[in-house]
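Engineer: just the structure for this:
(2 chains)
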Amino acid sequence: MTAETVVGAIGARAEFRTCQYTGLKVDAAAQALIKAHAVAAVIFLAVGGLMGLLVALTRWPAVHLLPAEWFYLVLTGHGANVLLFWIIFFEIAVLYFASAILLNSRLAAPKFAWLGFVLMVVGAIMTNVAVLQGDSSVMFTSYPPMQAKPHFYLGLVLFAVGALIGCAIFFATLVIAKEERTYEGSIPLVTFGALTAAIIAVFTIASGAIILIPTWLWSLGLISDIDPLMYKVVWWAMGHSSQQINVSAHVSLWYLIAALLVGAKPLSEKVSRTAFFMYILFLQLASAHHLLAEPGLDASWKIVNTSYMMYLAVLGSMVHGLTVPGAIEAAQRRNGFNRGAFEWLRKAPWGHPAFAGMFLSLVFFGFIGGISGVVLGTEQLNVLMHNTIYVPGHFHGTVVAGTTLAFMAATYLVLPLVFQREIIWPKLAKIQPYLFGIGAAGISLFMMGAGTLGVARRHWDVTFSDANLSFAYSAGAFLMMGLNGIFAVIAALGGLVFVLVVVGTVLFGEKIKSGHKLTFPLHSGGTAAASHYGSEVHPKLPGTIILVTIFFVCFVLYYFINWKYLSELWLFR
Amino acid sequence: MAVTPPERRVWWNAPIERVELVWIVIAFLWGVFMFGFMIAWHFIGQQNLSKEAYRIAPSAYEEKVENFAKKFQVREEQGIPVVKPQPGGDVYLLARLWQWWPILELEQGVSYRIHLSSLDWMHGFSLQPTNINISVYPGLEHIISLTPTQSGEFGIVCNEFCGIGHHTMTGKIYVTEKKRAEADRRLVEGGRP
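Structural biologist: This is a model prediction of the structure:
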């Protein structure tokens, strides 16, 4: 059976252009789809980001911007728009790029791909309408017995079906590329990482369908009852595991950006690929992270699942934490920056927004999102922070400072290479990753701080002014929430600059013609991709070893500090 | 490069770099340690969440809590009974839109069997400033053996979003100091004929 019969009789007469910077063959259909998904992603980022700013300004005690009803409405919309719509639109673009473009292949069934795109857009708009109508302020997690309007759930289901079509197109493109021999040997590491993301996406979306379809029927009155604990177990098989799509996708982008900007090769293909493979095997267990403070679940079940079976998925991320900076160090040393332990890092292209964003994303994801995630997901320690604002602190470290920053960084390559437009306002673009990164890291840290002091998440009023029985958080908690507000403003400015640069470039950027010199150039090795095949040979990596040691010391210290906190609590068993 | 196919067609038996291997071993052992430490805490630690839970109809739970409150009520505050259960006894606390009911008065250093359940939606039991956070479900009665180690006035906040009044949902636990609690008890016992 040929690929043609598998994906339907779609003509093989695709149009290609050859990229003057990378030498890659670019399928016109894939290019158009990547553009559409990227534009949709940025629109939902703008909407969701604005909602996020409103949330942070309301939680800033001195500002307390929105009334309660609006706060809960906007918070629901913020979650759906940025955590789901922005990220998954961008991820589908990454999938099309990593398959059709990197493999020099045509995209499978572009018409179906457009159908998927339309479903995603319709679904995303439908859910947004439901939220803005005001009867569906159930938060992104929509735990029953709290009920939203039927079109809230239906929108999410349609969006998921669209995304599933995107994954299918990706798999079919891999089949076509293999069959038409558009590449030799194994698929590139970046494509392998994207494949990991797509496989995780399939069972994630399946979990979402398993729980959201009955919940939708329940909201229509066709099913009488949804068990809240069962809902939570299955919903989080989508909710948490979908974050692992992000991890796989943004780690792939780290490798991609390192390859294009400094000419980095993986230290060892085997190690990096096995690390990705760990994600597929173990990340699905993460649903348990949200069930550690629930009644009736056995400790052994919690321990095995919350640790991804002895932290084997964490091991995957820790390996990438060495191999990504290690690959950059090895490449930079080959580029001639060989003095001392850190010349390679000092002389890295920090003025290139793609590199700056990528490296900040790597550091913040590891130090903030990664460490806090393991601590939060430890069976007993969870009781210290469950449902406090520590939780959003943690996942803003992973999803905002990690994933979103990496996606923004990749966008600075997408604009010249896919949209073929020169980035306007390069000076603004240069500072954007720093502005957004520092803001995102700040909100993560200060929310974690406030959560350690007990502040509840998803809560309109830390002063409890309308409560029958009064209660007051410590002054430190108020300070943390204020600082969170300030850094949210910085992050929002970074987000605004990003949206302006992207929209400005897409609409008014200078069209790139043959022979044009890029404002933010690629590594010179990029043009002769073929001569840069393969792995590094016996590199010396003193700088990376120092960085990884610092990371490990922070990790161990922070882990035990939290056990110390726990041991001082009231006794319970 | 990471964007091109591996140089060697057979890349999977290329040797692993030493620095990578060392890090993999360290990271793996650390993972095994963290895994083992969660198990160990069940033996060496004093803070492990109980799994004891029963299915119960919200109305049945409400009745239990009301009987409990009637039996042990010592005074009233803001229209809510303050309940002082027997040391070591069963304590019932319910969550509903939007309050924790009733107010409890416990003794420091004494273990109680605390029952938690919700009458309507999900709620989050968040004891402050101690910072103990546990999910509370409708239809599930969760039982925790809890021993207060501090004395004073503690707030219960709801930290699971439960609708428009979520931020007004509070409760209270008083913990009397060990010595005073013992003196009070002697007084009561001595006063008996």
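Engineer: now B:Ser50. Nearest residue, chain neighbours left out?
Structural biologist: Spatial nearest neighbour of B:Ser50, excluding adjacent residues (Cβ to Cβ, 6 or more residues apart in numbering or on different chains): B:Ile144 at 4.9 Å. Bear in mind the C-beta positions are built from the backbone N, C-alpha and C, glycine included.
Engineer: the one you found sits in which helix or strand?
Structural biologist: In this assignment (DSSP states H and E), B:Ile144 forms part of strand B:140-147.
Engineer: so the one residue in chain B that gets nearest to chain A, which of the three states?
Structural biologist: Per Cβ to the nearest Cβ, the residue of chain B with the smallest distance to chain A is B:Glu7, at 2.4 Å. Secondary structure, DSSP: H, G, I helix; E, B strand; the rest coil: B:Glu7 is coil.
Engineer: what does the one 4 residues further on give?
Structural biologist: When the structure is reduced to helix, strand and coil (three-state DSSP), B:Trp11 reads as coil.
Engineer: distance check, it against A:Trp254.
Structural biologist: 20 Å (Cβ to Cβ, to the nearest Å).
Engineer: thinking again about what came up before, ok, the residue nearest to B:Ser50 to B:Thr130 distance?
Structural biologist: According to Cβ to Cβ, B:Ile144 and B:Thr130 sit 14 Å apart.
Engineer: quick one on the thing from earlier: who has more neighbours out of B:Trp11 and A:Trp254?
Structural biologist: A:Trp254 (28 against 19; other Cβ atoms under 10 Å in any protein chain shown).
Engineer: after the helix or strand encompassing the more buried one comes which helix or strand?
Structural biologist: Using DSSP H and E, the secondary-structure element containing A:Trp254 is helix A:241-262. On the C-terminal side of helix A:241-262, the nearest following helix or strand under DSSP H and E is helix A:269-282.
Engineer: mean confidence score for the next helix or strand after that next one?
Structural biologist: Remark: after helix A:269-282, the chain's next helix or strand is helix A:299-306, criterion DSSP H and E. Across helix A:299-306, pLDDT averages out at 93.
Engineer: other SSEs contacting helix A:299-306?
Structural biologist: With contacts defined as 3 or more Cβ pairs under 8 Å, 6 or more residues apart in numbering or on different chains; DSSP states H and E, helix A:299-306 has these neighbours: helix B:18-44.
Engineer: which non-adjacent residue is nearest A:Lys270?
Structural biologist: A:Lys270 sits nearest to B:Trp12 (Cβ to Cβ, 6+ apart), 5.4 Å away.
Engineer: that neighbour - how many residues pack around it?
Structural biologist: Neighbour tally, B:Trp12, other Cβ under 10 Å: 12.
Engineer: if I look at it, how far off is A:Leu322?
Structural biologist: According to Cβ to Cβ, B:Trp12 stands 19 Å off from A:Leu322.
Engineer: show me where chain B has its helices.
Structural biologist: Using DSSP state H, the helices of chain B run over B:18-44, B:58-72, B:178-191.
Engineer: buried set for the first one?
Structural biologist: Pointing back at helix B:18-44 there. Residues of helix B:18-44 classed as buried by neighbour count (16 or more other Cβ atoms under 10 Å in any protein chain shown): B:19-20, B:23-24, B:27-28, B:30-31, B:34-35, B:37-38, B:41.
Engineer: turn the residues you listed into TSV, columns for pLDDT.
Structural biologist: Below are the buried residues of helix B:18-44 laid out as TSV (pLDDT from 0 to 100):
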residue	pLDDT
B:Val19	91
B:Glu20	92
B:Trp23	96
B:Ile24	96
B:Ala27	96
B:Phe28	96
B:Trp30	97
B:Gly31	96
B:Met34	97
B:Phe35	96
B:Phe37	97
B:Met38	96
B:Trp41	97
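Engineer: and those residues, which two are furthest apart?
Structural biologist: Greatest spacing in those, by Cβ to Cβ: B:Val19 and B:Trp41 (33.1 Å).
Engineer: return the alpha-carbon coordinates of the helix holding A:Trp254 using PDB.
Structural biologist: Coordinates of each C-alpha in helix A:241-262 appear next as PDB, following Å, rounded to 0.1, in the frame of the first residue of the first chain:
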ATOM      1  CA  SER A 241      -0.300  15.600  29.600                       C
ATOM      2  CA  SER A 242      -1.100  18.300  27.100                       C
ATOM      3  CA  GLN A 243       1.600  20.300  28.900                       C
ATOM      4  CA  GLN A 244       4.000  17.500  28.000                       C
ATOM      5  CA  ILE A 245       3.200  18.200  24.300                       C
ATOM      6  CA  ASN A 246       4.500  21.600  25.000                       C
ATOM      7  CA  VAL A 247       7.600  20.300  26.600                       C
ATOM      8  CA  SER A 248       8.400  18.000  23.700                       C
ATOM      9  CA  ALA A 249       7.600  20.900  21.200                       C
ATOM     10  CA  HIS A 250       9.700  23.500  22.900                       C
ATOM     11  CA  VAL A 251      12.600  21.200  23.600                       C
ATOM     12  CA  SER A 252      12.600  20.400  19.800                       C
ATOM     13  CA  LEU A 253      12.600  24.200  19.200                       C
ATOM     14  CA  TRP A 254      15.600  24.600  21.500                       C
ATOM     15  CA  TYR A 255      17.500  22.100  19.400                       C
ATOM     16  CA  LEU A 256      16.200  23.800  16.200                       C
ATOM     17  CA  ILE A 257      17.300  27.300  17.200                       C
ATOM     18  CA  ALA A 258      20.600  26.100  18.500                       C
ATOM     19  CA  ALA A 259      21.200  24.400  15.200                       C
ATOM     20  CA  LEU A 260      20.300  27.300  13.000                       C
ATOM     21  CA  LEU A 261      21.900  30.100  15.100                       C
ATOM     22  CA  VAL A 262      25.200  28.600  16.300                       C
END
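Engineer: quick one: is it near chain B?
Structural biologist: Yes - interface with chain B: helix A:241-262 contributes A:255-256, A:258-260 (Cβ under 8 Å from any Cβ of the partner chain).
Engineer: one more: stretch A:358-378?
Structural biologist: Yes - using Cβ under 8 Å from any Cβ, stretch A:358-378 reaches chain B at A:374, A:378.
Engineer: tell me the mean pLDDT for that stretch?
Structural biologist: Stretch A:358-378 carries an average pLDDT of 96.
Engineer: report the distance from it to the chain centre.
Structural biologist: In terms of Cα atoms, centre = their mean, to the nearest Å, the centre of stretch A:358-378 is set 12 Å apart from its chain centre.
Engineer: reformat the helices of chain B as CSV; add distance to B:Trp121.
Structural biologist: As requested, the helices of chain B are exported to CSV (distance: least, Cβ to Cβ, whole Å):
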stretch, distance to B:Trp121
helix B:18-44, 30
helix B:58-72, 11
helix B:178-191, 35
